[in-house]
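J.: just coords:
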């Protein structure tokens, strides 16, 4: 099976079975999405959704958060991974939004990545989810699944290389959905430690599958 055939099959499968999907993070504005995405690094969305309601109750906007100290923010996020660094980033990020962007979240990757704590992945999530742009964020799930399914070559050994390799084969109209399709597949099926190969719809051609290929009939798109 060629790489193109893999992409065609996987994208068609997800489009038919899953349709439009989006982030599992909970938010009510671009600012809150940015905050939640920044917090989600090395942490589960479930955990972030447990702490952000109270955080957003205190600081619903960039202006409100900019007026807080990093210690105040820390007390509300101390149960997440790397709370000290993230509290500093949120405090500095909110202040920069107020001082340089009138409190509004910018819509370009260049501007977003100027913000403290915001890298390419976070910027891509905000661009795709809030602004509807065809950007593809590569987190640990997307990185892992892309390699396991043979969607990217072994030489794609960084998130940026995986992103660029995926974008070569994914139609622009499906980029945002494809990010979430692959991510959720990694989160619930193609797990890091215990991949659920027996229930994976791609096990018949996946080069990393633990299922013996000869015991499986050819899959259909129906």
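T.: Arrived safely, thanks for sending. Keep in mind the model is a prediction, meaning the values are calculated, not measured. Residues are numbered from 1 along each chain as shown.
J.: Quick check: the gap between the nearest residue to residue 138 once chain neighbours are set aside and residue 122.
T.: Counting by CB to CB, 6 or more residues apart in numbering, residue 159 is the residue found nearest to residue 138 once chain neighbours are left out, at 4.0 Å. From N, CA and C alone the C-beta is placed, and that goes for glycine too. Going from residue 159 to residue 122 by CB to CB, to the nearest Å gives 12 Å.
J.: Please parse the chain into its domains.
T.: For the chain, the TED database gives the domain ranges 30-131, 136-205.
J.: Let me have these in TSV, extended by distance to residue 21.
T.: Shown next, in TSV, are the domains of the chain (distance: least, CB to CB, whole Å):
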stretch	distance to residue 21
domain 30-131	11
domain 136-205	4
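J.: Same list (those) but as CSV, adding distance to residue 13 and mean neighbour count.
T.: Formatted as CSV, the domains of the chain follow (distance: least, CB to CB, whole Å; neighbours: other CB atoms under 10 Å):
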stretch, distance to residue 13, mean neighbour count
domain 30-131, 21, 18
domain 136-205, 6, 18
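J.: Nearest to residue 6, out of these?
T.: Residue 6 sits nearest to domain 136-205 of all those, at 6.1 Å, using CB to CB.
J.: May I have the distance across that closest one, first residue to last?
T.: 24 Å (CA to CA, to the nearest Å).
J.: Out of the domains of the chain, which gets nearest to residue 2?
T.: domain 136-205 (9.8 Å).
J.: Output the longest helix belonging to the protein.
T.: Scanning the chain for the helix with the most residues, using DSSP state H, yields helix 83-101.
J.: What helices and strands are in contact with the next helix or strand after it?
T.: Scanning forward in sequence from helix 83-101 by DSSP states H and E, the next helix or strand is helix 109-112. Taking 3 or more CB pairs under 8 Å, 6 or more residues apart in numbering; DSSP states H and E as contact, the helices and strands that helix 109-112 lies on are helix 120-129.
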